[in-house]
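**Q** Make a model of this:
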Amino acid sequence: MIENLDTSVRLIAVGASLLLLTLLLAGQVRRPIKIALGGLLISAAAYLINSSTVIHPPRSIRPFVDLASVFAPFWTWLFGRRLFEDEPPKWVIPVTTAVLVVSWFIAHFVPRFDPAGFYSIHFVSLVLVADLLRVALGQRADDLVEKRRLIRLWLPVLVAAQTGGVLVFETIAGQAPAHPAVQLLNAVLIFTLTLFVGLALLRTDEELLAEASNLAVAKRPAVDLSASETVLKEKLEAAMAAGYYRTPGLAITDLADHLGVPEHRLRALINRRLGYRNFSAFLNHHRIAEARTILADRDRVDVPVLTIAMDLGYNSLPTFNRAFRTETATTPTDYRREMFIRN
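**A** Have a look, this model is predicted:
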């Protein structure tokens, strides 16, 4: 009975994944998310087939179905990182891909080292799941997009319950077949994750999936502001003009307390009216503007870049350098040199 129900859920989920893949290819989703989401749908369908005790693909293609299923945690991780606009370092993706492929090859074609390949895949996958949970929950306070803030709460629950739970179970139990009830629970969780993806695709929510500008700023004219928003905007501009953005470790909660307004009102103003998607982007806009002025000032040519970074509220030089490069496409040192050559 349980096995029949498990098989039915898996077939429905596979069909839904293929249907969503078709919608994805035709939809207006930004390319990085489209790639990650397409990979997630294909790998999820492969995993549903590969982990079934009833559905058996032909022996000749079984290793390649397993290869696709091995990448399910990878694509889930990459989809989450890109949905939250936190692209991983460039070297991480090819290195992770190489490790997973080599581990899969060992597991299938080098039998004497089989346990090593199996546990290597699970270790890497668990690291990816842990990193996604860190990004989703750890950076939630900085996120200004309300719908995405909600996703940061319950997407980790689904990922931890399905991907993380299955990986831990398989790591402990080894390659022994799972209990039918566990298999059914796994299929239901994957189907639930597929429904979430489908909801996002069918709605094609611009706040979540559409292209965003590099600076994520789309200023609106003052006529769009209500009376209360106008007053709050004036308070915010006064605080920024006074240099409150230089406060080290400044969070939106601190700024809301300083202005004497509820955090949700300030968050809505900065996101929906000023156009910033992350609070750090709002801070960096002001901090980097002052940094550019200082770096181009002949009277302050001997001020070290590290001192400038610390004075503007950054906790380290690498953090400042990344923010500066994001805003200007160059480093602080190169920018200073270019300004003096130009002048």
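**Q** Nearest residue to the middle of the chain?
**A** By CA atoms, centre = their mean, the mean C-alpha position of the chain lies nearest to Arg81, the distance being 1.9 Å.
**Q** in what helix or strand does that one lie?
**A** helix 72-83 (DSSP states H and E).
**Q** Give me the contact list for that helix.
**A** The contact list for helix 72-83 (CB atoms under 8 Å, 6 or more residues apart in numbering) reads 32-33, 36-37, 39-40, 42-44, 46-47, 87-88, 93, 96-97, 100, 125-126, 128-129, 131-132, 135-136, 148, 151, 155, 159, 163, 167, 208-209. C-beta: built from backbone N, CA, C; applies to glycine.
**Q** Just the ones in helices from the residues you listed, please.
**A** Counting by DSSP state H, the part of the contacts of helix 72-83 found in helices is 32-33, 36-37, 39-40, 42-44, 46-47, 93, 96-97, 100, 125-126, 128-129, 131-132, 135-136, 148, 151, 155, 159, 167, 208-209.
**Q** and those, which are buried?
**A** For these, a burial check counting by 16 or more other CB atoms under 10 Å picks out 32-33, 36-37, 39-40, 42-44, 46-47, 96, 100, 125-126, 128-129, 131-132, 135-136, 148, 151, 155, 159, 167, 208-209.
**Q** In this structure, where is pLDDT below threshold?
**A** Scanning the chain for pLDDT under 70 picks out 1, 114, 161-186, 197-223, 343.
**Q** The residue lying farthest from the centre of the chain and Phe324, how far apart?
**A** Distance from the centre of the chain peaks at Asp299, with 41.8 Å (CA atoms, centre = their mean). Per CB to CB, to the nearest Å, Asp299 is found 20 Å from Phe324.
**Q** try Thr307
**A** Relative to Phe324, and taking CB to CB, Thr307 is found at 14 Å.
**Q** neighbour count winner among these two?
**A** A direct count of neighbours by other CB atoms under 10 Å for Thr307 and Phe324 places Phe324 higher, at 27 against 13.
**Q** I'd guessed the more buried one sits against Glu290; true?
**A** No - under the criterion of CB atoms under 8 Å, Phe324 makes no contact with Glu290, lying 11.3 Å away.
**Q** List the buried residues for the helix or strand harbouring Thr307?
**A** If you go by DSSP H and E, Thr307 is part of helix 305-311. Within helix 305-311, the residues that qualify as buried are 305, 308-311, counting by 16+ other CB under 10 Å.
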